[in-house]
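Asker: sequence plus the predicted model coming up.
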Amino acid sequence: MGLWLLLKVPSRSQRALAFSPFTLKRLSSSKRWQARQLKDHFTREATVQGLKSRAAFKLIQIDAKYHIFHNGQTVVDLGYAPGSWSQVAVSRTGPNGRVLGVDIIPAQPPKGVSTIQGNFLDPSIQAYVQNFLHDPTRGQQHCPGIIPHVGLTHETSGLDVDTKNPIDNCEEMEGPCLLADKRTVDVVLSDMMMNTSGMSFRDHAGSMDLCRAALQFSFEVLKAGGHFVCKFYQGAEDKDLEKQLKRLFQKVHRLKPESSRNESKEAYFIGLARKQGATRHEVLTSP
Ligand SMILES: C[S@@+](CC[C@H](N)C(=O)[O-])C[C@H]1O[C@@H](n2cnc3c(N)ncnc32)[C@H](O)[C@@H]1O
């Protein structure tokens, strides 16, 4: 099914029809989960539209509200697997854009997406990602001869695979590893979330670590005027993160998309238009 269908967000009445509480009666919790998946209209609609998961609708709704994407942009999708956000990004930035997904787990990259497998909290992975992005022709959707998939493992060996340790690469470069002209990215997306433990404080703290890593990365790579979308697990520290975001972006919104499950504590920060003159110290120092 073509990605042109991505504009179709299921209507409220369709969703109401899709869910009947009576059908869930007396089911065990795992069966209830399965039934919920089957009945959930976003899940069914994702299948119909050829999307890798219902999570796509969160980004579609965010884009409908804030107009994040344009043709030709470079997008980095942190925590991309299984890849529905990347599918949305490819469809909205192509044919001249490029989309790079990063995830700790291996996944089949969606068409047109370059991917790097690794733990984004590891500085060597971040250095590798920055190296990749520094060359604006790497990973372009329309660029023939480039296999749109890179990785730190050898399983992806092919034309565009750099199998050297990223730290070695840094040491080979002249001057400091962090290049002066490295702000090549228009949009940073982060839907990263580790497996939740059910302990709110712990899940919140883990989510804040991932958000801070995404913010620091955005400080390094986002162009002036660039945008940031970041999932967070709500809790005591999210106000401080919001303050930091306000120092880097002209506008910051907090959103719980309609397609995000009510029982989940997840929400999203949307940072619009990176400020030109924000300093590292003011953005990255905790308030
Ligand atoms: C909710 S899923 C993302 C769904 C994705 N946006 C989509 O539309 O298909 C969260 C992802 O974050 C990834 N993740 C969690 N911690 C990570 C880390 N430290 N580094 C890289 N990826 C991470 C997980 O492996 C998982 O695939």
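Answerer: Good, I have the coordinates.

Asker: any idea what sits nearest Gly139, other than its immediate chain neighbours?
Answerer: Ser114 (3.7 Å; CB to CB, 6 or more residues apart in numbering). C-beta: built from backbone N, CA, C; applies to glycine.

Asker: now the strands for the stretch 151-287 of the chain?
Answerer: 185-190, 222-233, 249-255, 266-274 (DSSP state E, counting those that start in this stretch).

Asker: host element of Ala127?
Answerer: helix 123-134 (DSSP states H and E).

Asker: in that helix, what's buried?
Answerer: Neighbour counts over helix 123-134 (16 or more other CB atoms under 10 Å) mark Ser124, Ile125, Gln126, Ala127, Tyr128, Val129, Gln130, Asn131, Phe132, Leu133 as buried.

Asker: before we move on, back to that, pipe the strands of the stretch 151-287 of the chain into CSV and attach mean pLDDT per row.
Answerer: Output for those, formatted as CSV (pLDDT from 0 to 100):
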stretch, mean pLDDT
strand 185-190, 98
strand 222-233, 98
strand 249-255, 98
strand 266-274, 98
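
Asker: make CSV from the ones you listed and add distance to Ala64 and mean neighbour count to it.
Answerer: What follows is those, written out as CSV (distance: least, CB to CB, whole Å; neighbours: other CB atoms under 10 Å):
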stretch, distance to Ala64, mean neighbour count
strand 185-190, 15, 25
strand 222-233, 13, 22
strand 249-255, 11, 16
strand 266-274, 12, 20
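
Asker: redo those as CSV? Include distance to Tyr80.
Answerer: Listed next are the strands of the stretch 151-287 of the chain as CSV, based on distance: least, CB to CB, whole Å:
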stretch, distance to Tyr80
strand 185-190, 8
strand 222-233, 12
strand 249-255, 20
strand 266-274, 16
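
Asker: distance to the ligand added to the ones you listed, as a markdown table?
Answerer: Listed next are the strands of the stretch 151-287 of the chain as a markdown table, based on distance: least, CB to the nearest ligand atom, whole Å:
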| stretch | distance to the ligand |
| --- | --- |
| strand 185-190 | 7 |
| strand 222-233 | 7 |
| strand 249-255 | 15 |
| strand 266-274 | 9 |
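
Asker: that older thread, pairing partners for whatever helix or strand the residue nearest to Gly139 lives in, with directions?
Answerer: For Ser114, the enclosing helix or strand under DSSP H and E is strand 113-117. Counting by DSSP bridges, the strands paired with strand 113-117 are strand 98-103 (parallel).

Asker: and the angle from the partner strand to strand 185-190?
Answerer: 30 degrees (axes from the mean of the first three to the mean of the last three CA atoms, to 10 degrees).

Asker: let me see the mean pLDDT of strand 98-103.
Answerer: In this model, strand 98-103 carries a mean pLDDT of 98.

Asker: list the buried ones in it?
Answerer: Of all the residues in strand 98-103, those buried under the rule 16+ other CB under 10 Å are Arg98, Val99, Leu100, Gly101, Val102, Asp103.

Asker: so which of those residues is the closest to the ligand?
Answerer: Asp103 (4.5 Å; CB to the nearest ligand atom).

Asker: wait, the closest one touches Asn119, no?
Answerer: No - at 9.4 Å, Asp103 does not count as touching Asn119 under the criterion of CB atoms under 8 Å.

Asker: re earlier: what about the residue nearest to Gly139, how many residues close to it?
Answerer: Around Ser114 sit 26 other residues, with neighbours defined as other CB atoms under 10 Å.

Asker: which strand residues bridge it?
Answerer: Leu100.

Asker: from Arg183, how far off is it?
Answerer: 19 Å (CB to CB, to the nearest Å).

Asker: cool, Phe57 as well?
Answerer: Counting by CB to CB - Phe57 and Arg183 are separated by 30 Å.

Asker: wait, isn't Cys211 in contact with Cys230?
Answerer: Yes - Cys211 lies in contact with Cys230 (CB under 8 Å); the separation is 5.4 Å.

Asker: what sits in contact with each of the two?
Answerer: Ser190, Phe269 (CB atoms under 8 Å, 6 or more residues apart in numbering).

Asker: please determine how far the residue in the stretch 1-150 of the chain that the ligand sits nearest to is located from Lys231.
Answerer: Nearest residue of the stretch 1-150 of the chain to the ligand, counting by CB to the nearest ligand atom: Gly79, 2.8 Å away. From Gly79 across to Lys231, the span is 8 Å (CB to CB).

Asker: same question for Ser264.
Answerer: Distance from Ser264 to Lys231, by CB to CB: 10 Å.

Asker: so what's the closest residue to Lys246 other than its chain neighbours bridging to?
Answerer: Residue nearest to Lys246 in three dimensions, not counting chain neighbours: Val252, with 5.1 Å by CB to CB, 6+ apart. Per DSSP bridges, the residues bridged to Val252 are Gly271.
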